[in-house]
Every structure is written in structure tokens, then in C-alpha cells.
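Q: Here you go, sequence then predicted model.
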Amino acid sequence: MSEPSSSTYYVPENGWYPIFVAATVGAMLAGLGIWLNDLRNDDSPSIYLFLIGCFGLTGVLYCWFTKVIAENHAGLPNAAVKRSYVSGMAWFIFSEVMFFFAFFLALFYARVFAVAWLGGDGAKGITGDYLWPEFEPVWPVVENPDPGTYPNPNESMAAPSLGGWLSYLPFWNTVVLLSSSFTVHWAHTAVKNQDRTKLIGWLGLTCLLGVIFLILQAWEYVHAYQALGLTLASGIYGSTFFILTGFHGFHVTLGTVILLVQFYRAIIGHFKPNDQFGLEAASWYWHFVDVVWVCLFIFVYVI
């Protein structure tokens, strides 16, 4: 970002953007939470509340970031403001790390403690003998005590032997997403080297890989539902699997949209070696998404 002529700390104009973001995020999360707890009600209006929140948030962020970009091109932000951008993005990614940590902790608790207790291990295992006497403490749990309410899946999404990985969709998702981590890095390197052709090429390829990942994950979900009978209602395994991979898929979608915005900005001539924080922040976020997927692949699919 170019340095302004004045050293005075720039204070943006008053705006309602933070309030609108809070309102739309609240609507989105409320709609999603109600919908997940009311899946058997086909007439539940909660999905519409979720969609209203999504579209509302998209519109608010578009207006807000357009204003920030215009301020940057006007040379208003100075070094202190730039540092605040870096700090803000760092805290945002940290909050996302804590978000996924909570779900990974839930998976750890279910696998290490709850499953063992239901199998009769430890002082709390006595309760498991009464709740589910025939339970076998093996993960993934593909059987449920009440199949009428919580249907048993035919099979889990656990990884096959190494010889079967070439036909294993999560493996190809891993290849695609890790490849995109390299391409976004090369795009960032290109803007530092003032090579706009490579910047546009590598950034476009990163966006394409993000879209391919989402297509493969949708294909994986269709396979899980139709061929394996695995759903959100399939007990603790189904709920942890879809919550973890689903929220990650949402973050990949968000990251792909962010990269597409940077791709458009690169095409119209934005970004210079000393003025490219938008692209840099997008690459940070994308690397974070990649690291989360590696953890998902190891702890949800492989182990």
C-alpha cells in the first residue's frame, strides 16, 4: 500500500458495516444451527434464514472492502494502518484456528473417552453396560443403538490400504488442495517480482484448483449419502464427519471467493511489490485452509 503524504494516523469515516456484519453473521449461524437440529422437518424455514444471512453478509463485505480498496488507492492508509491490517488478519486466522480446534477436540473426546466408556472401560464404563451392552469400542462407530432413529451406515469413509488410494476421493482432494498451496505461493512471488503474467496465471490456477476441490467434495458427499448410507443422523461418527468436513468446505468456498476477487483485481492492474496486502492476506488464509485439511485427512480419514 502506498504511503500517504501525511504521517497522521488515518481514521476511517463512521459507518454501519460492523453492525450489518454482526447482524448477517448472526442470522446465518442461527439459521444453520436451527436447521441442523431440525433436519427431519422438511418445512423448516431456518434454511431461508441461513441463506438470507449468507447473501446479506456477501453484500456487506462487498461494500466494505470496496471502500477499503478505494481508500488505499487514494493513499490514505499509512504505516500504522498497514500494521493494523496485518494484526487484524492474524487475529482472524487465530480465531479460525480456535474454531476448528473446538471441533477437533470434540472428535478427540468422542474417540478416546466416550467410545471407551461405552465399551466398558474405566469407572464410567459401567454406564455403557446398561446403555448399550453389545457395543464394541471400535472407531469409526458405524452402528447405533436405535437404527430406527439413527440409521446405521453401510460403511465408513475410512481410508483404504495404500493400494486403493488412487480411487480414494479424499486422497485426490488432498493432492488438489496441497497443489493449490504451491500455486498461490508462486502467485505471491510473481507480484513481488513484478511479473503480472505469472501472477494472473498462477492465481487463476489456484482458483481453478479450489473449484475442483469443492466439486470433488460434493461428489464425495453424494457417494457417502447414496452408496455408504452415511448422513448427519448416523450417530457420533456421521455428525463429527460432516461437521468437520462441511465447515472446512465452507472455508474453502470462502477462500476461493476471496481468491477470485484477487484474481479480478490482478487482471485490472491492482497489486504492486509494495502494495499487495489483499493478495498476501488471501494467501495466508488459503495456507491455513490447506493445513486444516491435512489435519482432517489424517485424523478423520486415515487414523
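A: The structure has been received and is ready for your questions.
Q: and the lengthiest helix in the chain, which residues are buried?
A: Counting by DSSP state H, the longest helix found in the chain is helix 235-267. By neighbour count on 16 or more other Cβ atoms under 10 Å, the buried set for helix 235-267 is 235-242, 244-245, 247-249, 251-253, 255-256, 258-263, 265-266. (C-beta placed from N, C-alpha, C; glycine too.)
Q: go on, stretch 162-179?
A: In stretch 162-179, the ones that count as buried by 16+ other Cβ under 10 Å are 168, 169, 170, 171, 172, 173, 174, 176, 177, 179.
Q: Let me see the contact set for residue 216.
A: 169, 172, 173, 176 (Cβ atoms under 8 Å, 6 or more residues apart in numbering).
Q: So which of those residues are in strands?
A: Members of the contacts of residue 216 lying in strands (criterion: DSSP state E): none.
Q: tell me the two of these that are most distant?
A: The largest separation in the contacts of residue 216, counting by Cβ to Cβ, is between 169 and 176 at 10.4 Å.
Q: In TSV, list the buried residues of stretch 162-179 along with pLDDT and distance to residue 157.
A: TSV is the format used below for the buried residues of stretch 162-179 (pLDDT from 0 to 100; distance: Cβ to Cβ, whole Å):
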residue	pLDDT	distance to residue 157
168	88	9
169	89	9
170	91	7
171	93	12
172	94	14
173	94	12
174	94	13
176	96	17
177	94	17
179	96	22
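Q: Just name the closest of these to residue 130, please.
A: Comparing the buried residues of stretch 162-179 against residue 130 with Cβ to Cβ picks out residue 170 as the nearest, at 36.8 Å.
Q: isn't the closest one right up against residue 223?
A: No. Under the criterion of Cβ atoms under 8 Å, residue 170 makes no contact with residue 223, lying 10.6 Å away.
Q: quick one: average confidence on stretch 295-303?
A: Per-residue pLDDT values over stretch 295-303 give a mean of 92.
Q: which residues touch the residue nearest to residue 245 when sequence neighbours are not counted?
A: Residue nearest to residue 245 in three dimensions, not counting chain neighbours: residue 296, with 6.4 Å by Cβ to Cβ, 6 or more residues apart in numbering. Going by Cβ under 8 Å, 6+ apart, residue 296 touches 244, 245, 248.
Q: isn't the second one right up against residue 218?
A: Okay, so that is residue 245. No. Counting by Cβ under 8 Å, residue 245 stays clear of residue 218, with 11.3 Å between them.
Q: avg pLDDT for the host helix or strand of residue 52?
A: Per DSSP states H and E, residue 52 falls inside helix 46-73. For helix 46-73, mean pLDDT is 88.
Q: and that helix, which residues are buried?
A: Here helix 46-73 shows 46, 49, 50, 53, 54, 56, 57, 60, 61, 64, 71, 72 as buried, counting by 16+ other Cβ under 10 Å.
Q: burial count for the nearest residue to the first one once chain neighbours are set aside?
A: Which is residue 46. The spatially closest residue to residue 46, leaving aside those adjacent along the chain, is residue 34, at 3.7 Å (Cβ to Cβ, 6+ apart). By other Cβ atoms under 10 Å, the residues close to residue 34 number 16.
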